[in-house]
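# sequence-free structure coming up:
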Ligand SMILES: Nc1nc2c(ncn2[C@@H]2O[C@H](COP(=O)(O)OP(=O)(O)O)[C@@H](O)[C@H]2O)c(=O)[nH]1
Ligand SMILES: Nc1ncnc2c1ncn2[C@@H]1O[C@H](COP(=O)(O)OP(=O)(O)O)[C@@H](O)[C@H]1O
């Protein structure tokens, strides 16, 4: 990869993370959510599912029951549990099914056992079911992401169905007639999280893979808190940019509550460890009117966001989310290998490589920071910094006022305060040069609003974050003084999930382990989401400081 180097003699990683010890994360593995795949007969569901399974053994297929006859090559208990109408109806009456439906004159259904068998192996359960089944599963409360696979056109759908050669003429006509209604279900509010157009199979596979990664990570919903995205019309192909990403559909109603709202069937599958992002938990964030969120993001399409501390945690997650939201992303960090890994991840998720610029840079080194705008304009002559996410920050344990190390204090001031100031100045000068002012978002910490109790010595770190609070407000005032339309926001998260964080906070690994089980921390993706809320806020309001606390955290 061509990670840019901000100076010839660029720095090597010095062994600390480019995000603060209070604010960084590596995440805890969650149980996968299920992935429900819907779409008309012949659209390519089976083909895509096969490709997902070929790509990873972390997926398990929910083997449905059906009364239809096996096709050539289909094996009982592998492709389907083939059964009789009488037996099927008996088992339905016995309550053995999560859902069932009459489809094309046959009964199809997902048994509780089919889902349990996959979940018990810790795998992501893939359900290939029809629209009626999807509605039932949605109601059941199963933790799942719902995807609709749409054909590029009705003609192409017919072409594929005929080409498959597994149905009689009468069966094909029945399937095509049903397809119209199935496609119309895209518009049903809250049914699907994503719509993927299976036009180009490679691209559709990439898109489904990126959604499936969210399911593997135990997510539900589509990762936005935005119910206003209109599903694209199935009749036309998506634009090139859209094609690179799955389309979020109108999200389901109870996003984060899905696991708690179901009755009997819910208990049939294990619940994932964590809930969805804090969209419904954070007052400042939910104050962004949903109807304007998408509009707000639309103005950032193709704009350039520079994110510092991109090698891990919040910075990494922010790069991902911004890139997937259509911005061009400049990822700044000291560790080249991490930037390479980030690039690979983004490309696998469908981000065009042309929209990502990794730059090796130490934000405490002035010459390297000053070089950033030049590197950006070399790559994208039409652009400059529109959004700056000052995320890089760090903390040191040996920093108590009683007996702390001067070197640690210097390091913290250099990164958390001076580094932020230099990045901010260079970004603003770049905006000034182009005559267009964007948005600067400082990732602070709850430590910017309080000082830790006891002898553990968190005051210096807190002082840097208190300074950041003053700098954020000061920047806003300067912008007003200059009468420029610069937006300034800050986000102050509580502890973000990482074992390292908890260990460093509690000192002792055993205690840490217990606490780690006991407390739910925030996730890096939650904070990335808050960055989007800042960017998406409508013109007439500015999000100042978002304080984000994990609801279960008591310290
Ligand atoms: N509700 C429900 N639908 C299912 C189930 N299994 C398969 N289907 C759906 O039944 C329809 C017909 O499936 P199938 O006979 O395999 O034909 P195909 O769609 O042409 O592959 C498809 O829309 C499947 O998604 C199930 O367990 N429940
Ligand atoms: N993107 C695509 N372009 C062209 N043909 C495709 C594409 N996706 C799937 N197909 C073909 O379309 C036919 C139907 O796919 P299949 O996976 O059986 O659909 P489903 O499971 O939705 O009924 C198969 O012959 C498959 O090879």
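Here it is on my side, so go on. Not measured: the values here are computed from a predicted model. Ligands and ions are numbered 1, 2, ... in the order given.

# Kindly report the domain assignment for the chain.
Domains of the chain are assigned by automatic domain parsing as 34-267, 277-494+523-547.

# tell me the most buried of these?
Highest mean neighbour count among the domains of the chain (mean count of other CB atoms under 10 Å): domain 277-494+523-547, with a mean of 20. Every residue, glycine included, has its C-beta placed from N, CA and C.

# how far is that one from where the chain is centred?
17 Å (CA atoms, centre = their mean, to the nearest Å).

# With stretch 485-500 instead?
16 Å.

# pLDDT (mean, whole number) over that stretch?
Stretch 485-500 shows a mean pLDDT of 82.

# Just name whatever secondary elements the strand or helix carrying residue 440 is in contact with.
Assigned by DSSP states H and E, residue 440 belongs to strand 439-443. If you count contacts as 3 or more CB pairs under 8 Å, 6 or more residues apart in numbering; DSSP states H and E, strand 439-443 packs onto strand 387-390, helix 420-434, helix 459-481, strand 487-493, helix 524-536.

# Nearest to ligand 1 among those would be which one?
Closest to ligand 1 of the helices and strands packed on strand 439-443, according to CB to the nearest ligand atom: helix 524-536, at 30.2 Å.

# which residues does the residue of the stretch 51-200 of the chain found nearest ligand 1 contact?
Nearest residue of the stretch 51-200 of the chain to ligand 1 (CB to the nearest ligand atom) works out as residue 133 at 2.4 Å. With contact set as CB atoms under 8 Å, 6 or more residues apart in numbering, residue 133 has these partners: 38, 99-101, 108-110, 127.

# mind checking the SS state of it?
helix (DSSP: H, G, I helix; E, B strand; the rest coil).

# ok, it to residue 91 distance?
Noted for residue 133: a distance of 16 Å to residue 91, by CB to CB, to the nearest Å.

# So which of the helices and strands packed on strand 439-443 is nearest residue 443?
With CB to CB as the criterion, residue 443 lies closest to strand 487-493 of those, at 5.4 Å.

# orientation of that closest one relative to helix 524-536 in degrees?
Relative orientation of strand 487-493 versus helix 524-536 (axes from the mean of the first three to the mean of the last three CA atoms, to 10 degrees): 160 degrees.

# OK, now which residue of the stretch 401-550 of the chain is nearest to ligand 2?
residue 525 (30.1 Å).

# Which residue does the stretch 51-200 of the chain have closest to ligand 2?
Counting by CB to the nearest ligand atom, the stretch 51-200 of the chain gets nearest ligand 2 through residue 160, at 3.5 Å.

# Wait, that residue touches residue 39, no?
No. Using CB atoms under 8 Å, residue 160 is not in contact with residue 39; the gap is 11.4 Å.

# who's in contact with residue 345?
Counted by CB under 8 Å, 6+ apart, residue 345 has contacts residue 320.

# pLDDT of the helix or strand in which it is found, averaged?
Here residue 345, judged by DSSP H and E, is contained in helix 336-348. Helix 336-348 carries an average pLDDT of 94.

# Kindly report the same for stretch 356-376.
96.

# First-to-last residue distance for that stretch?
Length of stretch 356-376, first residue to last, CA to CA, to the nearest Å: 10 Å.
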